[in-house]
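Participant: Coordinates only, no sequence provided:
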């Protein structure tokens, strides 16, 4: 057996398992895409894994004709608003925790860490009651506010651990030059923590975009549905039209794929910094 550079033997078993895992991940994605390009009649007669003999976009046209843009716009509004609030609140909280170093800030940080241990499913009844009492039921705010609350703890953890790596001398030098905490926050801390901010933005956007429980419980009108809930409804409307259902899945997943592809490296770096301490 040929040795690799440095005298190491190739790990054939590891490579084999790597190819198997790649097939497990790729084959379902390939099946979804090729099936969405078939007609309903071809779906029942062709090999599921063969390329479509007559590729067509009819399934996508049918999805667009069933208020897909309304659900897509609702998901965009909820995701963008939620992530924006999370970034601002979590970053300011992390800055106070790192810079103040008081007993009060330590207790606040412990309180945030406690929030990570609380599952969403265990609080859905009180959240529902609170949203109803606030008069926000069946609105997009009913999805934004709880999503912000449950995403802040992990976001603060990531940003706090990243901010601790910023040398204190940089803050002290800016303070000597007359900079306020607000200026140090946005002119020094924000640029230095860009990987962590990208991590929080993508991680929370993925969770909010794919969220199903809150839309199911806290909304009921068709014009307030988001994409995960609309996919459930599409499954009922297109119960015998599998290509149309999978076309809706492809369309709903595209924004997530683009966001992950654009920020993958910074997201990995930020997550490593956030959980490595």
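Facilitator: Looks like it arrived, so ask away. Keep in mind it's a predicted model, so treat the numbers as computed, not measured. Residues are numbered from 1 along each chain as shown.

Participant: Check which helices and strands the strand or helix carrying residue 22 is in contact with.
Facilitator: Per DSSP states H and E, residue 22 falls inside helix 12-36. Contacts defined by 3 or more Cβ pairs under 8 Å, 6 or more residues apart in numbering; DSSP states H and E place helix 12-36 against helix 242-275. The C-beta positions use only the backbone N, C-alpha and C, and glycine is treated the same way.

Participant: Identify all contacting residues around the host helix or strand of residue 129.
Facilitator: Under the criterion of DSSP H and E, residue 129 resides in helix 124-133. The contact list for helix 124-133 (Cβ atoms under 8 Å, 6 or more residues apart in numbering) reads 137, 142, 145-146, 213-214, 217-218.

Participant: Tell me the first helix or strand C-terminal of the helix holding residue 22.
Facilitator: Next along from helix 12-36, by DSSP H and E: helix 40-45.

Participant: Can you give the distance of that next one from its chain's centre?
Facilitator: The gap between where helix 40-45 is centred and where its chain is centred comes out at 34 Å by Cα atoms, centre = their mean, to the nearest Å.

Participant: going forward, begin numbering at 54 instead of 1
Facilitator: Sounds good: first residue 54 from here, last item helix 93-98.

Participant: buried sites along it?
Facilitator: Judged by neighbour count (16 or more other Cβ atoms under 10 Å), helix 93-98 contains these buried residues: 95-96.

Participant: So which residues make contact with that helix?
Facilitator: 88, 105-107, 293-297.

Participant: Most neighbours among those residues, please name it.
Facilitator: The most crowded member of the contacts of helix 93-98, judged by other Cβ atoms under 10 Å, is residue 296 (26 neighbours).

Participant: Give me the pLDDT value at that residue.
Facilitator: pLDDT recorded at residue 296 is 86.

Participant: Could you report the neighbour count for the residue nearest to it when sequence neighbours are not counted?
Facilitator: Nearest non-adjacent residue to residue 296, counting by Cβ to Cβ, 6 or more residues apart in numbering: residue 112, 4.0 Å away. Neighbour count for residue 112, taken as other Cβ under 10 Å: 26.

Participant: what's the distance between residue 112 and residue 118?
Facilitator: 11 Å (Cβ to Cβ, to the nearest Å).

Participant: pLDDT wise, what is the residue most central in space within the chain at?
Facilitator: Ranked by distance to the mean C-alpha position of the chain (Cα atoms, centre = their mean), the top residue is residue 259 at 1.3 Å. At residue 259 the predicted local distance difference test score is 88.

Participant: Chain neighbours aside, what residue packs nearest to it?
Facilitator: Residue 259 sits nearest to residue 309 (Cβ to Cβ, 6+ apart), 6.0 Å away.

Participant: neighbours around the one you found, how many?
Facilitator: Using other Cβ under 10 Å, residue 309 has 15 other residues around it.

Participant: How about the one 3 residues further on?
Facilitator: The local packing of residue 312 (other Cβ under 10 Å) involves 18 other residues.

Participant: Now do the same contact list for it.
Facilitator: Residue 312 touches 255, 258-259, counting by Cβ under 8 Å, 6+ apart.
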